[in-house]
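[1] Pasting the sequence and the predicted model now:
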Amino acid sequence: MSPVLESAARNRVLKCLAHDALKPLLDGAEVMTLQRGRRLYRQDAPVQTVYFPLTGVVSVLVGTGEDAEVEMATVGNEGVVGIAALLGSPRALGKMLIQIPVEAIAAPAATVRHAIKKDDRCSILFDLYLYAFLRQVMQAGACNRLHSPEERCARWLLMTQDRAGKDEFSLTQDFLAEMMGTRRAAVNVALAQFRRAGAIDYVYRRIAIVDRKLLESFSCPCYGIIRKAHDAVKL
C-alpha cells in the first residue's frame with residue numbers, strides 16, 4: 001500500500017471510505033508538511049489542491065481585506081480544506097491559513113471532484129461533512145455576535161485542542177486576538193482568568209490545557225453545538 005493510502009486512516013473523512021473508493025480519490029496525491037503561517041489560498045482565489053489534514057489546524061478567515069479578517073471555522077483531521085472546489089465552485093470560501101503546523105494529504109481538486117461524481121459513497125460522505133462544516137460556520141457567526149471574548153476564547157481553545165490532538169500548542173496573544181477579531185487586551189484578560197482558575201497554563205508563545213472540564217465551563221454553548229454537529233454525521 002502506498003504511503004498516501006496508509007496515511008488516509010488518520011483523516012476522519014477518508015477513514016470512512018473503503019480502499020477501492022480511496023484509490024481514485026487520492027490518485028496523484030502526496031503527503032505534505034505545512035508550517036504555521038503558510039497561506040493555502042486567498043479568499044475567492046482558485047482552488048487547485050484539496051487538503052486532508054492528518055495533524056494540526058487550518059483557520060478559515062473571512063473579511064473585507066487583508067487587514068480586516070475574522071476566523072469563521074477551523075479544520076483539522078476531522079475534515080477537508082478546499083471543500084468549495086468539490087461542490088463545483090472554483091473559488092476558496094475564505095483565506096486558509098495554517099494555525100498549527102499541519103501534515104496533510106494534498107490531492108488535485110479535479111481528481112477528487114471527479115471521484116466524488118463517480119462514486120455515491122464519496123458523494124454522500126462529503127455531503128455529510130459539508131453539513132457539519134457549514135453548521136460550524138453558522139454557529140461561529142452567531143458566537144462572534146452574541147458571546148463575550150472570554151466565552152469565545154474558551155471555545156476557540158477547546159476546538160483547537162480537538163483538532164490539534166494534543167494538550168499543548170504554540171500560540172501568541174496577538175495571533176489569538178487576530179483569529180477572534182478582538183483586541184489583544186481582551187485575550188490577555190481571558191487567558192489570565194483561565195490560568196488563575198487552573199484551566200490552562202500559559203507561558204510565552206505556548207499554552208497547555210490543564211483541566212479541560214474546567215475550560216468547558218468558561219465556554220459558551222457554541223462549542224458543544226459544533227461538536228455535536230460533527231458527532232451527528234459520524235465524522
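    Yep, it's here.

[2] okay, CA-based contacts and neighbour counts for the rest of this
    OK.

[3] Show the contacting residues for residue 91.
    In this structure, residue 91 makes contact with 43, 44, 45, 46, 47, 84, 85, judged by CA atoms under 8 Å, 6 or more residues apart in numbering.

[4] hey, which strand is longest across this structure?
    Of all the elements of type strand in the chain, the one with the most residues (DSSP state E) is strand 49-65.

[5] mean confidence score for the next helix or strand after that one?
    Of the helices and strands lying after strand 49-65 in sequence (DSSP states H and E), the nearest is strand 68-75. Throughout strand 68-75, pLDDT has a mean value of 83.

[6] Parallel or antiparallel, list what pairs with strand 68-75.
    Strand 68-75 has its sheet partners listed here by DSSP bridges as strand 49-65 (antiparallel).

[7] where does the chain dip in pLDDT?
    1, 65-68, 89, 234-235 (pLDDT under 70).

[8] where do the helices sit along it?
    Applying DSSP state H to the chain gives helices spanning 3-7, 19-25, 109-118, 120-146, 149-164, 173-180, 184-197, 212-218, 222-232.

[9] Let's have these in a markdown table, adding distance to residue 102.
    Converted to a markdown table, the helices of the chain look like this (distance: least, CA to CA, whole Å):
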| stretch | distance to residue 102 |
| --- | --- |
| helix 3-7 | 13 |
| helix 19-25 | 21 |
| helix 109-118 | 19 |
| helix 120-146 | 19 |
| helix 149-164 | 9 |
| helix 173-180 | 17 |
| helix 184-197 | 24 |
| helix 212-218 | 23 |
| helix 222-232 | 20 |
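
[10] just to revisit the earlier point, in PyMOL, how would I select just the buried ones from the contacts of residue 91?
    Of the contacts of residue 91, the buried ones go into a single PyMOL selection, burial set by 16 or more other CA atoms under 10 Å:
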select buried, resi 43+47+84+85
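
[11] quick one: which of the contacts of residue 91 is nearest residue 169?
    Out of these, the one with the shortest distance to residue 169 is residue 43. That distance is 26.3 Å, counting by CA to CA.

[12] Leaving out sequence neighbours, find the closest residue to the closest one.
    Using CA to CA, 6 or more residues apart in numbering and skipping the chain neighbours, the partner closest in space to residue 43 is residue 94 (4.0 Å).

[13] check contacts around the one you found.
    The neighbourhood of residue 94, defined by CA under 8 Å, 6+ apart, consists of 41, 42, 43, 44, 60, 61, 62, 63.

[14] what's the closest non-adjacent residue to the residue nearest the centre of the chain?
    Within the chain, one residue has its C-alpha closest to the average C-alpha position: by CA atoms, centre = their mean, that is residue 75, at 1.5 Å. Leaving aside its chain neighbours, residue 75 sits nearest to residue 58 (5.1 Å; criterion: CA to CA, 6+ apart).
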